[in-house]
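Q: 3D model of this:
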Amino acid sequence: NLIVLALVVVLLGVAAYFIFINEPVTESTQLGLDLQGGVSAQLQGSQTGGGKVTREEIQQAADLIRQRIDRLGVAEPDVRVQSEDQVVVQIPGVKNPEEVIRIIGSTAQLGFYQVLAADPQPNIPDDEIGATKKDITETLKEDDAYEKGKTKILFEETPSIEGRGTDVNGYIVHQDPDMTGDSLQQNGANVEFDQQTGKRIVSLELTAEGGRQMGELTQSMLADAAASGEPALLGIALDQDIQSAPQVQEPLGQNISISNDSLPEGLPEDEAKQLETVLNTGALPVNMTVISQTTVGPTLGFSSLRSGLLASLVGFALVLLLLLVIYRALGVVADLALLIYAFLMWGLIVIIPITVTLPGIAGIVLSIGVAADANVVIFERIKEEIRRGKTPRSAIQAGYDKGFRAILDGNITTLITAFILFALSSGSVRGFAVLLALGVVLSMFTAIVITRALLGLLGDRGIHLSPSLMGVSKASMAAATQQAKAR
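A: Below you'll find the model as predicted:
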């Protein structure tokens, strides 16, 4: 008994370390979307040509979206495929949900284009950008370089170098990219600082074949520029937006960069990291469109957390009180075991770690009931043995021997239900199933091992537990004796 209780003390110490010492207690427990706020979005996949999206393509898109979120440093995102062409994303704790959804939903098709003609318009006020793009489109369509069906017009928007408005640049490029992101080396995009200017850039490392193609493309661009007298501009586009259009001075090879010379620091830090993320995770196999989006504010999340914790604590307190009133000394032991159970449960949630949601809290509360039920089964058996005239020590032994089978059957049934829930559901319902299953297993440990060790320790120390201290009245004992004589 002492060895078992010493092991329990060690487990409590480990749990306390991870909850309170390893990191601040306010950060040790991961909360879900409904408790700390965040964003939930439903995205629908589609093919550019209108073809049908396959289940495999949607699954691949979901995997890539999950990689993008992981690179953003978001804890415990929930990304799952729903139906044949939809992906549901739940991201807790994000401060800029609109930006995150834009990043994870962008197709991120990288393309390199030779700029055939350009029309730059500086210092455009934000409310005039749309009208300016229309004017640029009309102007460029009259240019000799524009051929309907063979070329298209892409735009670049950058903050004005003068600090007023936005520079809007329109470019005529070929209909299809002269080079695609397939030429990019795996994890070949990196945020760096230009050694000459000190500005932030995103460097791109191409494959050997990509470097050869880039050399041929830029050599051809320089030849065309020498003949026309116009600068050779290389448009680097992500999806249909030009990210950068640097002037090519000499043939390029495997190493190129995306920059923004209009800003003193170069690319903004957030934009540079986002570019690095989407380029390194690769392009999505299908186009993803956000069809619904829900944002849960931190205030609403805190309110849900407070309500859930209050309900849990009230329920836990009532269970402790009920055990104490009905079983008295046995109830004190059971209450101590349940407090140990609750602390170990918290420790497991932090160590594994498990994201706690509102349904998850419900699973914890239900598992507390399961843990109490195991004690009730055993204690009722003990009381039956006491009424039959057995000593407290032998009654405890017989109670555990006879009650174990009933506890095992009940808990296995609950575990089967939890496994079915986990297999057939998704999202927060899975969290409920996980915490319920974990609570059931832990309740078996506390009810059968810890409670028994505590009662055994009392017996070993010679502490006398009278029938009344174990919740057995004299009247019930007398009735049991009369029934035994009648038989």
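Q: Could I get the contacting residues of the closest residue in space to Thr357 that isn't next to it in sequence?
A: Take Thr357 and drop its neighbours on the chain: the residue closest to it by CB to CB, 6 or more residues apart in numbering is Gly32, 3.5 Å away. (Each C-beta comes from the backbone N, C-alpha and C, glycine too.) Residues in contact with Gly32, defined by CB atoms under 8 Å, 6 or more residues apart in numbering, are 76, 90, 92, 355-358, 360, 428, 431.
Q: again, 7 Å this time
A: 92, 355-357, 428, 431 (CB atoms under 7 Å, 6 or more residues apart in numbering).
Q: What subset of those residues is buried?
A: Using 16 or more other CB atoms under 10 Å as the burial test, the contacts of Gly32 include 92, 355-357, 428, 431 as buried.
Q: Closest one of those to Thr294?
A: Pro92 (12.5 Å; CB to CB).
Q: Please work out how many residues are found near Glu271.
A: 18 (other CB atoms under 10 Å).
Q: For it, which three-state class applies?
A: helix (DSSP: H, G, I helix; E, B strand; the rest coil).
Q: Equivalent analysis for Asn187, please.
A: Judged by three-state DSSP, the three-state class of Asn187 is strand.
Q: can you tell me how far the residue positioned nearest the centre of the chain sits from Thr107?
A: Centroid-nearest residue in the chain, with CA atoms, centre = their mean: Pro77, separated by 1.7 Å. From Pro77 over to Thr107 the distance is 19 Å, taken as CB to CB, to the nearest Å.
Q: The buried ones among the contacts of Gly32 in strands, which ones?
A: Among those, DSSP state E puts Pro92 in strands.
Q: Lowest pLDDT pick from the buried ones among the contacts of Gly32?
A: Minimum pLDDT for those is recorded at Ser428 (75).
Q: can you pull the contacts of that residue?
A: Per CB under 7 Å, 6+ apart, neighbours of Ser428: 32, 34, 357, 359.
Q: Format those as CSV; extra columns: distance to Arg405.
A: Formatted as CSV, those follow (distance: CB to CB, whole Å):
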residue, distance to Arg405
Gly32, 37
Asp34, 39
Thr357, 34
Pro359, 31
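Q: Not counting its neighbours along the chain, what's nearest the residue nearest to the centre of the chain?
A: Using CB to CB, 6+ apart, the nearest residue to Pro77 is Ile69, at 4.4 Å.
Q: wait, what's in contact with that neighbour?
A: Counting by CB under 7 Å, 6+ apart, Ile69 touches 77, 79, 91, 104.
Q: Mind pulling up the pLDDT for the residue nearest to Thr357?
A: So Gly32 comes in at 80 (pLDDT).
Q: Repeat that for Gln44.
A: With respect to pLDDT, Gln44 scores 90.
Q: who's Ile91 bridged to?
A: Beta bridges link Ile91 to Val39, judged by DSSP bridges.
Q: Report how many residues lie close to Glu230.
A: 14.
Q: Okay, buried residues for stretch 21-29 please.
A: 28-29.
Q: so how far is Val278 from the residue nearest to Pro77?
A: Distance from Ile69 to Val278, counting by CB to CB: 11 Å.
Q: what do you get for Glu384?
A: 67 Å.
Q: How about Leu43?
A: Distance, Leu43 to Val278, by CB to CB: 15 Å.
Q: ditto for Ala433
A: Distance check for Ala433 against Val278: by CB to CB, it reads 34 Å.
Q: Same question for Val440.
A: Distance, Val440 to Val278, using CB to CB: 42 Å.
Q: With Ile242 instead?
A: 15 Å.
Q: between the two, which one's more packed in?
A: Neighbour totals were compared for Ile242 and Val278, and Val278 leads with 25 against 22 (other CB under 10 Å).
Q: per-residue confidence for the more buried one?
A: Looking at Val278, its pLDDT is 79.
Q: ok, it - contacts?
A: Counting by CB under 7 Å, 6+ apart, Val278 makes contact with 68, 103, 106, 108, 238.
Q: tell me which element it is part of?
A: helix 269-281 (DSSP states H and E).
Q: outside of whatever helix or strand comes next after that helix, which residues touch it?
A: Counting by DSSP H and E, the next helix or strand C-terminal to helix 269-281 is strand 287-296. With contact meaning CB under 7 Å, 6+ apart, strand 287-296 is reached by 33-34, 37-46, 48, 61, 97, 101, 105, 107.
Q: Could you do stretch 375-394 as well?
A: So stretch 375-394 is contacted by 323, 327, 330, 334, 395-396, 398-400, 402-403, 406-407, 447, 451, 459, 465, 467, 470-472, 476-477, 480 (CB under 7 Å, 6+ apart).
Q: quick one: low-confidence parts of the chain?
A: For the chain, applying pLDDT under 70 flags the ranges 48-50, 73-76, 162-163, 298-300, 427, 462, 476-481, 484-487.
Q: Strands of that one, residue ranges please.
A: Counting by DSSP E, the chain has strands at residues 38-46, 78-82, 86-92, 110-114, 117-124, 151-159, 166-174, 179-180, 184-193, 200-206, 234-238, 241-244, 255-258, 287-296.
Q: Show me what the third one packs onto, helices and strands only.
A: Counting by 3 or more CB pairs under 7 Å, 6 or more residues apart in numbering; DSSP states H and E, the packing neighbours recorded for strand 86-92 are helix 33-36, strand 38-46, helix 55-71, strand 78-82.
Q: Give the other helices and strands that the second one contacts.
A: Helices and strands touching strand 38-46, as assessed by 3+ CB pairs under 7 Å, 6+ apart, comprise helix 55-71, strand 86-92, helix 97-105, strand 287-296.
Q: change it to 6 Å
A: If contacts are counted by 3 or more CB pairs under 6 Å, 6 or more residues apart in numbering; DSSP states H and E, strand 38-46 sits against strand 86-92, helix 97-105, strand 287-296.
Q: Output those as a markdown table; include the columns distance to Thr414.
A: A markdown table is the format used below for these (distance: least, CB to CB, whole Å):
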| stretch | distance to Thr414 |
| --- | --- |
| strand 86-92 | 27 |
| helix 97-105 | 37 |
| strand 287-296 | 30 |
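Q: Out of those, the one nearest Tyr341 is which?
A: Nearest of the helices and strands packed on strand 38-46 to Tyr341, taken as CB to CB: strand 86-92 at 26.7 Å.
Q: can you list contacts of that closest one?
A: 32-33, 36, 38-44, 62, 74, 77-82 (CB atoms under 6 Å, 6 or more residues apart in numbering).
Q: and it with helix 97-105, angle?
A: Angle, strand 86-92 to helix 97-105, by axes from the mean of the first three to the mean of the last three CA atoms, to 10 degrees: 140 degrees.
Q: can you give me the offset of strand 86-92 from its chain's centre?
A: Centroid displacement of strand 86-92 relative to its chain, using CA atoms, centre = their mean, to the nearest Å, is 9 Å.
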